[in-house]
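Visitor: just need the structure, nothing else, for what follows:
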Amino acid sequence: MKVHFGQIYIEPGVTFPFSHHLQRRLSTEITSLITTSETFTAKYGADWQLMFRISAKSKIHYIEIRGPTVYKRDKDVEYTLFLPFDVIAHEDNASQMALQLLLKGCCDVFRELGFDTETIERSSESMIDTICADPKMFV
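Guide: Coordinates of the predicted model:
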């Protein structure tokens with residue numbers, strides 16, 4: 001199963017400076033860390049993909065998860081993860097906190113779909129450090 005990341009922002013001025021390189025990096029790394037879930041396969045099928053849309057909202061205090069949106073023709077299940085923009089923007093290391101919350105939201109969705117998230121949780125700190133050290137990940 002492949003996992004993909006994209007971005008869509010609905011509030012003017014409420015965005016994170018994540019580049020398309022970050023989206024690709026997360027897609028590759030998370031796909032390599034996750035193994036197929038019997039629950040997901042039984043519900044959707046073995047050849048379906050999972051898409052996480054990164055977004056943000058002001059005036060929320062925690063991650064807001066919306067979905068799933070199911071696209072049968074594309075065999076795609078999508079979730080949108082709204083990150084708490086105001087909370088993150090006040091942090092000294094906003095990008096690191098945004099990525100921590102993003103991965104937490106992903107793990108919440110994975111667990112709901114019957115996936116084991118232990119490998120992602122173990123790897124998240126080093127993954128975030130590597131991403132934050134690479135200037136290509138941000139615009």
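
Visitor: next SSE downstream of whichever helix in the chain runs longest?
Guide: Across the chain, the helix with the greatest residue count (assigned by DSSP state H) is helix 94-112. Going down the chain from helix 94-112, the next helix or strand is helix 118-132, by DSSP states H and E.

Visitor: what's that next one packed up against?
Guide: helix 20-33, helix 94-112 (3 or more Cβ pairs under 8 Å, 6 or more residues apart in numbering; DSSP states H and E). Using the backbone N, CA and C atoms, a C-beta is placed for each residue, glycine as well.

Visitor: need the pLDDT of residue 36.
Guide: Note for residue 36: predicted pLDDT of 88.

Visitor: oh, that last question was meant for residue 54, not what I typed.
Guide: Note on residue 54: pLDDT of 98.

Visitor: relative to residue 95, how far out is the closest residue to it other than its chain neighbours?
Guide: Leaving aside its sequence neighbours, residue 54 sits nearest to residue 7 (Cβ to Cβ, 6 or more residues apart in numbering; 4.6 Å). As judged by Cβ to Cβ, to the nearest Å, residue 7 and residue 95 stand 14 Å apart.

Visitor: again, but for residue 49
Guide: 26 Å.

Visitor: check residue 82 too.
Guide: Applying Cβ to Cβ, the value for residue 82 to residue 95 is 17 Å.

Visitor: for residue 120, same thing?
Guide: Distance of residue 120 to residue 95, computed by Cβ to Cβ: 19 Å.

Visitor: repeat for residue 62
Guide: Using Cβ to Cβ, we find residue 62 at a distance of 18 Å from residue 95.

Visitor: more neighbours: which of these two?
Guide: A count of neighbours by other Cβ atoms under 10 Å puts residue 95 above the other of residue 62 and residue 95, at 18 against 12.
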